[in-house]
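K.L.:
I would like the atomic coordinates for the input below:
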Amino acid sequence: MIAVSNRQRRVSVTAADVRSVVEATYRSEDAGEPRLSVALVNDRTIRELNDEFLGHDYATDALAFSFEDEAHTGARGQGDASGPAAVDADDVAGEVVVSAETAVREATARGTDPRHELLLYIVHGTLHLLGWDDDTPTRRTAMNRRAAAILRGAGVVSGR
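P.N.:
Presented below is the predicted three-dimensional model:
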């Protein structure tokens, strides 16, 4: 089950697009059936969540909250297990929250497609839920390569 909540209007992306890259990520990691929620939000919302749950008062690209253990992982740190559920937490193992405004800003700076950037953030957050970490340069490089390969495999060309 992949629940999608699209609370933004900056990037044209469908729930089917979101589900497709989440499913591709789970397949690539041999992780079984996905049980998560994906929320597409604006910078203000992700900044509030990043501050509330991780103590970082700035907008970020992606946050990932695991509901299966006592800690959730954000794209830039650790926090508590009370992350923002878009659906009943009993139905999902976690939630990925991504910022469409950040995707537009970053894609514009790189000369890439904002839709691809946003889908990259979804894969990135999903990889965090599946145990990947980017807390060192070596791990960050490996994770970024993995995310780009997943997007290519799903038919989405990554801008990175």
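K.L.:
what about the strands in the chain?
P.N.:
Assigned by DSSP state E, the strands in the chain fall at 2-6, 36-41, 62-66, 72-74, 77-79, 94-99.
K.L.:
what's the closest of these to Asn144?
P.N.:
Closest approach to Asn144 among those (Cβ to Cβ): strand 62-66, 12.4 Å. All C-beta spots, glycine's among them, are computed from the backbone N, C-alpha and C.
K.L.:
tell me which other helices or strands the closest one touches.
P.N.:
helix 43-54, strand 72-74, strand 94-99, helix 114-129 (3 or more Cβ pairs under 8 Å, 6 or more residues apart in numbering; DSSP states H and E).
K.L.:
which one of these is the most hemmed in?
P.N.:
strand 94-99 (a mean of 28; mean count of other Cβ atoms under 10 Å).
K.L.:
given that strand, what are its sheet partners and their directions?
P.N.:
Here strand 94-99 is paired, per DSSP bridges, with strand 36-41 (parallel), strand 62-66 (antiparallel).
K.L.:
now those in JSON lines, with distance to Leu120 and mean neighbour count?
P.N.:
Listed next are those as JSON lines, based on distance: least, Cβ to Cβ, whole Å; neighbours: other Cβ atoms under 10 Å:
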{"stretch": "strand 36-41", "distance to Leu120": "13", "mean neighbour count": "26"}
{"stretch": "strand 62-66", "distance to Leu120": "9", "mean neighbour count": "26"}
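K.L.:
okay, the ones you listed in CSV with distance to Glu29 and mean pLDDT next?
P.N.:
As requested, these are arranged in CSV below (distance: least, Cβ to Cβ, whole Å; pLDDT from 0 to 100):
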stretch, distance to Glu29, mean pLDDT
strand 36-41, 13, 96
strand 62-66, 14, 94
